[in-house]
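Colleague: Coordinates only, no sequence provided:
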């Protein structure tokens, strides 16, 4: 099983339905329409086996201000593995493809991790962001303390970041991160 990548525009309606079904199953019904929308418009990494789509992840572009500079961020979304093939290395294959894209195309990578997912990201060198997390919302800057401790970064082209300065993310519907 090899991971391959494709832009959302290059996926067929059947590919998109399969990815959505996989993510609904992987997140035990706790995967919303907003969550799905967050992973569209970028690059997808997909792994197929004899039963169909076995694993999926996406990286989309977001903007984050750090200090006085807006950075292009490869934001990892919608990483999931079909329940019957979990713990077989498929999430690592998906992440390897997404990290290749992040490292070559973005100033840095970022993602919001569940407790279970955090082990995967930490093992791959992603680091918990140690500073404040904020978003530029409809009413101005909103502090997001619930995202602190679960937001991970992967410095790429931007080099090291200073956690004494907040990360200010662009706004989006649903969960901001």
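Modeller: All right, it came through fine. Here the structure is a predicted model, which means the values were calculated and not measured.
Colleague: Centre-most residue in this structure?
Modeller: Nearest to the geometric centre of the chain sits residue 76, at 1.6 Å (CA atoms, centre = their mean).
Colleague: host element of it?
Modeller: If you go by DSSP states H and E, residue 76 is part of strand 69-81.
Colleague: which neighbours does that strand have in its sheet, and in what orientation?
Modeller: Sheet pairing here is set by DSSP bridges, and for strand 69-81 it gives strand 52-66 (antiparallel), strand 108-112 (parallel).
Colleague: How many residues are close by the residue nearest to residue 130 when sequence neighbours are not counted?
Modeller: Nearest non-adjacent residue to residue 130, counting by CB to CB, 6 or more residues apart in numbering: residue 163, 3.9 Å away. Just so you know, the C-beta spots here come from the backbone N, C-alpha and C atoms, and that holds for glycine as well. Other residues lying near residue 163 total 15 when counted by other CB atoms under 10 Å.
Colleague: Assess the claim that residue 163 and residue 131 are in contact.
Modeller: Yes. The pair residue 163 and residue 131 qualifies as a contact (CB atoms under 8 Å) at a distance of 3.4 Å.
Colleague: now the angle between strand 52-66 and the longest helix along the chain, please.
Modeller: Scanning the chain for the longest helix, with DSSP state H as the assignment, gives helix 90-105. On the basis of axes from the mean of the first three to the mean of the last three CA atoms, to 10 degrees, helix 90-105 is oriented at 40 degrees to strand 52-66.
Colleague: how distant is helix 90-105 from the center of its chain?
Modeller: Centroid displacement of helix 90-105 relative to its chain, using CA atoms, centre = their mean, to the nearest Å, is 10 Å.
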